[in-house]
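1. quick check, what structure comes out for this input:
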Amino acid sequence: MKASRITAGAVSLLAGALVLSACSGGGGGESADGSVEMTLWQNSTTGPGQEFWQNAVDAFEEENPGVTIDMQSVQNEDLDGLLQTALNAGDPPDIFLQRGGGKMADMVNAGQLKDLTDLISDDVRAEIPEGSFAAETYQDSVWAMPLSVLPGGFWYSEDAFATAGIDETPTSIADLEAAVESLKETGIAPIALGAQDAWPAAHWFYFFALRECSPEVIEETGDSKDFSDECWTRAAENLQDFAAIEPFNEGFLTTPAQQGAGSSAGLLANRQAAMELMGAWNPGVIASLTPDEQPLPDLAWFPFPEIEGGEGEPGSMMGGVDGYSCAADAPDECVDFLNFVASAEQQQLYYEAFQSPPVNTVAQEAVTEPYLQQILEAYNSAPFVSQWLDTVLGQNVGNALNVAVVDMLAGNSDPEQFIQSVNAAGAQG
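-> Numbers count the residues shown, from 1 in each chain. Next up is the predicted model:
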C-alpha cells in the first residue's frame, strides 16, 4: 500500500487512588460455570462513539451467550497513563485502545499483549488492507486489530474561508500565513490549538518535521531517538517562525483539545476559529460539540502545506491506524470480539458513529463525506506515511517531546534548546 511506512509504531499520567479507582482493570476470564467476563477500555466518553461501543458489546453478547463485557469509557487524554499503570500493576483491561509504534513495542517486549497473527478471521484479513495490519505489526507479529485510518491535516470551515476571501486552500507555508492574516481581519481566530494537552501543539512540530526530514531520517530517529540531524532543528525553527505571526486562538496554551465548547475542537464547532490541525477523528469530535450535536455542514479538509527545499517526500502523511489489543492473559473471546468489530457491518457502524475513515474496504464504500473521501485518497496515494512521532518514539521520549514543544511555544526555550531537551530525553530512553 505504501512505498515506505513506519510500522514500529500525549497524555498526562493521573496518579492517586481516586483516579485509578475510576477504571478497574482486568479480572476477566472464565468462571467455574463456563461463563466469560472481560473488560474493555475505549476512549469515547459521550455521544455516538460511546453508543457504538455499547451497541457492539450488546450485539456480541447476544451472539455469544455466557460472555459479558464490562465497557469503561476513559477520557482520551487520560487513557495512556491509566493504561500503563494498569499494565505495570499486572491488572490491565482485557481489551483496550492501542496507539501502536514504540508504545506498542514496549508492551510487546514486556510480554503484555496477546499475539493476534494467526487468530484474525479470513473474512477480516480479506477486507482490511495489509498496510493497516502493518501499522499494528512488530517483530513480524500482529498485536492489535486495526479499526480506523486516522491521518492528520487541517480541518476548516468553508464559510470562514469564504468570508475572509480565501478562494483556495494553502499549499505552501506562505499561503498559510496569508490565510491567517486574512482570517484575522474578519475577527475570527485563524487556527484553534489546544496546547493544554501538549500533543496537539506537538502535532505542529511533527508536520514541519515531516516536510523537512527525509523518510529515512524519520525512521532512523524512531529507532535511535537521536535528533542531531539538522532537519529537526529546521522544523523547530519553522514552528517558532510560524508561531511568531500569532496564528492561534487567544489563550491557546491553556486551552484543552477536545473537551467542551471552549476546547480547540469546540472553537471550530462553534465558529470561533476557522481551522485546526488534527487527526481524522476530528469530524466526530467537532460534531459532538456543535450546538445541535450534528456534523458541521461546511467542514472541509486540506493536507499540511509543503515546504520548499524540505527533504520530506511531497505528499507524505502523518497519522496512523487506531486499533485494539488484547492483554496477554485475556480469554480467547477477546479475539472473537476484535474480529466482530472489524467486520464490514460493524465497521460501517463505526464510520457512521465516529465520522472517521474505517479500515475495512467494504465499509469504506459507504463513506460519502467529500473530506473523508479526500483524506482516504491522499492517504492511499501517499509515498510515505509516518505514525505520530510521540507514538513512534514511545511513551517516555514521546511525552518529553510533546512537553518540549509547548515549552518552546510558551517562549521558555528556542529551537536549539528544544533539540537539546529532546536529545537528552532520547539518551535516557
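
2. now do the same contact list for residue 209.
-> Going by C-beta atoms under 8 Å, 6 or more residues apart in numbering, residue 209 touches 218, 231-232, 235, 312, 389. Every C-beta, even on glycine, is put in place using the N, C-alpha and C of the backbone.

3. check it and give its pLDDT.
-> On pLDDT, residue 209 comes in at 98.

4. now residue 30
-> Value for residue 30, per-residue pLDDT: 61.

5. do the same with the one 4 residues further on
-> We note a pLDDT of 75 for residue 34 in this prediction.

6. how about residue 27?
-> For residue 27, the pLDDT comes out at 51.

7. next one: residue 394
-> Residue 394 carries a pLDDT value of 85.

8. burial check on it, number of neighbours?
-> Per other C-beta atoms under 10 Å, the neighbour tally for residue 394 reads 22.

9. ditto for residue 354
-> Residue 354: 24 neighbours (other C-beta under 10 Å).

10. before we move on, what about residue 111?
-> Neighbours of residue 111 (other C-beta under 10 Å): 8.

11. how about the helix ranked longest in the chain: buried residues?
-> The helix spanning the most residues in the chain, taking DSSP state H as the definition, is helix 47-63. Judged by neighbour count using 16 or more other C-beta atoms under 10 Å, the buried positions of helix 47-63 are 47-50, 52-53, 56-57, 60.

12. mind giving me the packing neighbours of it?
-> Counting contacts by 3 or more C-beta pairs under 8 Å, 6 or more residues apart in numbering; DSSP states H and E, helix 47-63 is packed against strand 36-42, strand 67-73, helix 282-289, helix 333-341, helix 344-354.

13. what comes up buried for the next helix or strand after the second one?
-> The helix or strand immediately downstream of strand 67-73 is helix 76-88, counting by DSSP states H and E. Taking 16+ other C-beta under 10 Å as the basis for neighbour counts, the residues of helix 76-88 that come out buried are 76-87.

14. how far away from the center of its chain is helix 76-88?
-> Mean-position distance between helix 76-88 and its chain equals 15 Å (C-alpha atoms, centre = their mean, to the nearest Å).

15. relative to strand 67-73, how tilted is that helix?
-> Relative orientation of helix 76-88 and strand 67-73, computed by axes from the mean of the first three to the mean of the last three C-alpha atoms, to 10 degrees: 130 degrees.

16. what's the mean pLDDT across helix 76-88?
-> On average, helix 76-88 scores 92.

17. same check, this time on stretch 240-248
-> So the average pLDDT for stretch 240-248 ends up being 98.

18. show residues contacting it.
-> With C-beta under 8 Å, 6+ apart as the test, stretch 240-248 has contacts from 173, 176-177, 180-181, 189-193, 195, 204, 208, 408-409, 414-415.

19. what about 6 Å?
-> Around stretch 240-248, the neighbours that count as contacts under C-beta atoms under 6 Å, 6 or more residues apart in numbering are 177, 180, 190-191, 193, 409, 415.

20. taking those, tell me the two that lie furthest apart.
-> 190 and 415 (22.8 Å; C-beta to C-beta).

21. compare these two (neighbour count), which wins?
-> For residue 190 and residue 415, the more surrounded residue by other C-beta under 10 Å is residue 190, and the numbers stand at 24 against 18.

22. next, that one: secondary structure please.
-> The assignment at residue 190 comes out as strand when based on DSSP: H, G, I helix; E, B strand; the rest coil.

23. quick one: it from residue 169, how far?
-> With distances taken as C-beta to C-beta, to the nearest Å, residue 190 is found 13 Å from residue 169.

24. ok, now residue 105?
-> For residue 105, the distance to residue 169 - C-beta to C-beta - is 36 Å.

25. please apply the same query to residue 373.
-> 16 Å.

26. mind checking which of these two has more residues around it?
-> residue 169 (19 against 14).

27. which other residues reach stretch 166-177?
-> 179, 182, 245, 302, 305.

28. returning to that earlier point: quick check, nearest of the buried residues of helix 47-63 to residue 72?
-> Looking across the buried residues of helix 47-63 and measuring by C-beta to C-beta, the closest to residue 72 is residue 53, at 9.9 Å.

29. now the closest one, nearest residue through space, not along the chain?
-> Nearest in space to residue 53, with sequence neighbours left out and distances taken as C-beta to C-beta, 6 or more residues apart in numbering, is residue 42 at 5.1 Å.

30. what's the neighbour count on that neighbour?
-> Residue 42: 23 neighbours (other C-beta under 10 Å).

31. in the sheet, who's paired with it?
-> residue 73 (DSSP bridges).

32. that one and residue 378, how far apart?
-> 27 Å.

33. mind checking which of the contacts of stretch 166-177 are buried?
-> For the contacts of stretch 166-177, buried by 16+ other C-beta under 10 Å: 179, 182, 302, 305.

34. surely the second one meets residue 162?
-> I take that to be residue 182. No. Counting by C-beta atoms under 6 Å, residue 162 is not a contact partner of residue 182; they are 10.9 Å apart.

35. give me the phi and psi angles of residue 389.
-> phi -60, psi -40 (degrees, to the nearest 10).

36. my read is that it contacts residue 206, right?
-> Yes. The pair residue 389 / residue 206 is scored as a contact, 4.7 Å apart, by C-beta under 6 Å.

37. more crowded one of these two?
-> Between residue 389 and residue 206, counted using other C-beta under 10 Å, the more crowded position is residue 389 (30 against 26).

38. now do the more buried one against residue 426, distance only.
-> Taken as C-beta to C-beta, the span from residue 389 to residue 426 is 12 Å.

39. in the stretch 251-400 of the chain, which spans are strands?
-> Counting by DSSP state E, counting those that start in this stretch, the segments of the stretch 251-400 of the chain that form strands are 273-279, 299-302, 317-318, 321-326, 384-386.
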